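>>> Generate a structure from the sequence data that follows.
(chains A, B, C and D)
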Number of protein chains: 4
Amino acid sequence: MEGHAKGEALKRLSIAQGHLEKVKHMIVDEDYCPDVIHQSRAVQAALKKVDEIILHGHLHSCVLKDIHSPDGKSEELVDEIVDLFRKES
Amino acid sequence: MEGHAKGEALKRLSIAQGHLEKVKHMIVDEDYCPDVIHQSRAVQAALKKVDEIILHGHLHSCVLKDIHSPDGKSEELVDEIVDLFRKES
Amino acid sequence: MEGHAKGEALKRLSIAQGHLEKVKHMIVDEDYCPDVIHQSRAVQAALKKVDEIILHGHLHSCVLKDIHSPDGKSEELVDEIVDLFRKES
Amino acid sequence: MEGHAKGEALKRLSIAQGHLEKVKHMIVDEDYCPDVIHQSRAVQAALKKVDEIILHGHLHSCVLKDIHSPDGKSEELVDEIVDLFRKES
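Numbers count the residues shown, from 1 in each chain, chains lettered A, B, ... in the order given. Modelled structure (predicted):
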């Protein structure tokens, strides 16, 4: 991953870690359950955003470089992307 | 989309249509609600499988052909893929 | 499910069926792949909305009626709801 | 949330925090992008499991207690559950 995407992903991950710590405190404090779940969902949404940044970097760097290589690697890259798409569902 | 993927996608869509028709009958018949939702989820899972087939075909045909074109089209293709990935979430 | 929710669910299902038919035509016509996937996603979102209507009806009718019954049925109802929640993921 | 569910949720959250820390290291080390996304997905799946535990506790404690109260609170509880279900989609 090139520098800008890497920095952006790490920054967002640190923020997500802070929010996850908050989920923990909410459970310890026995906050209202739907509020805890909403906070947990916000962390999950933040991680999905990080995934997008990583995927974007991947498509740009790895895939653009290798997708026309003659050794069947392009097939593998395409399958990997479809696999990421499937797991998301 | 090349012929095989097209045929596969259409076949699965027809099956999904049959299952969706069944969801309708279950609602008319006032079947047990969680059963109806499970049947509806099965249709959604079937449509996601169709999406994967289409995405696979897209990455193979459109993307492999255009991703190295010099006119900025590769950037657009990458953004489209990340966008599909995001919508899935 | 009471009458209003039933009518609403059936109406939305019919619309979803129409959109699904359109997905099929788009594949036959070899429309641009990301457009086909977006249309398919719209159908899935419509089915999720139907699921919500059904769940809402379920919580109101079945659950409110049975959740305090003494025969362990309430435990079963709670597990079913958590199960629906999990499948969604 | 009663004690057992609380302990279980906190234990799982701590494990998720450890895995999230690993995602960070993988990005710093520039590990292969799809591997990083898979690790991030594992954290999201772990958080969803925590959500289920919290929802289960919520349905048992808050909902079972309040769902038949005469002051319209049951309607609010039902809407909250449907809302959690929707956000999941």
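
>>> use CA for all of it now, contacts and neighbours both
Noted.

>>> For the host helix or strand of residue A:77, name the packing helices and strands.
Per DSSP states H and E, residue A:77 falls inside helix A:73-88. Secondary structure elements in contact with helix A:73-88, counted by 3 or more Cα pairs under 8 Å, 6 or more residues apart in numbering or on different chains; DSSP states H and E, are helix B:33-58, helix B:73-88, helix D:33-58.

>>> what is the mean pLDDT for the second one?
Helix B:73-88 shows an average pLDDT of 77 in the prediction.

>>> That one versus helix A:73-88: what angle between them?
30 degrees (axes from the mean of the first three to the mean of the last three Cα atoms, to 10 degrees).

>>> before we move on, what about the last one?
Our comparison of helix D:33-58 with helix A:73-88, counting by the same axes, to 10 degrees, yields an angle of 10 degrees.

>>> Give me the helices and strands touching helix D:33-58, please.
By 3+ Cα pairs under 8 Å, 6+ apart, helix D:33-58 packs against helix A:33-58, helix A:73-88, helix C:73-88, helix D:3-28.

>>> Please tell me how far the third one is from the chain's geometric centre.
Averaging C-alpha positions (Cα atoms, centre = their mean, to the nearest Å) puts helix C:73-88 15 Å from its chain's average.

>>> ditto for the last one
Relative to its parent chain, helix D:3-28 has a centroid offset of 12 Å by Cα atoms, centre = their mean.

>>> Who are the packing partners of it?
Looks like helix D:3-28 contacts helix A:3-28, helix D:33-58 (3+ Cα pairs under 8 Å, 6+ apart).

>>> if I look at residue A:13, how far off is residue C:2?
46 Å (Cα to Cα, to the nearest Å).

>>> Name the residue in those two with the higher neighbour count.
Set residue A:13 next to residue C:2 and count neighbours by other Cα atoms under 10 Å in any protein chain shown: residue A:13 wins out with 22 against 12.

>>> quick one: low-confidence ranges for chain A?
A:1, A:62-72, A:87-89 (pLDDT under 70).

>>> hmm, back to that, I'd like the helices and strands packed on helix A:73-88 as JSON lines, with mean neighbour count appended.
Formatted as JSON lines, the helices and strands packed on helix A:73-88 follow (neighbours: other Cα atoms under 10 Å in any protein chain shown):
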{"stretch": "helix B:33-58", "mean neighbour count": "20"}
{"stretch": "helix B:73-88", "mean neighbour count": "16"}
{"stretch": "helix D:33-58", "mean neighbour count": "20"}
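
>>> of all the ones you listed, which lies closest to residue C:47?
helix B:33-58 (6.8 Å; Cα to Cα).

>>> how far is the closest one from where the chain is centred?
For helix B:33-58, the distance to the chain centre is 7 Å (Cα atoms, centre = their mean).

>>> Between helix B:3-28 and it, find me the angle.
170 degrees.
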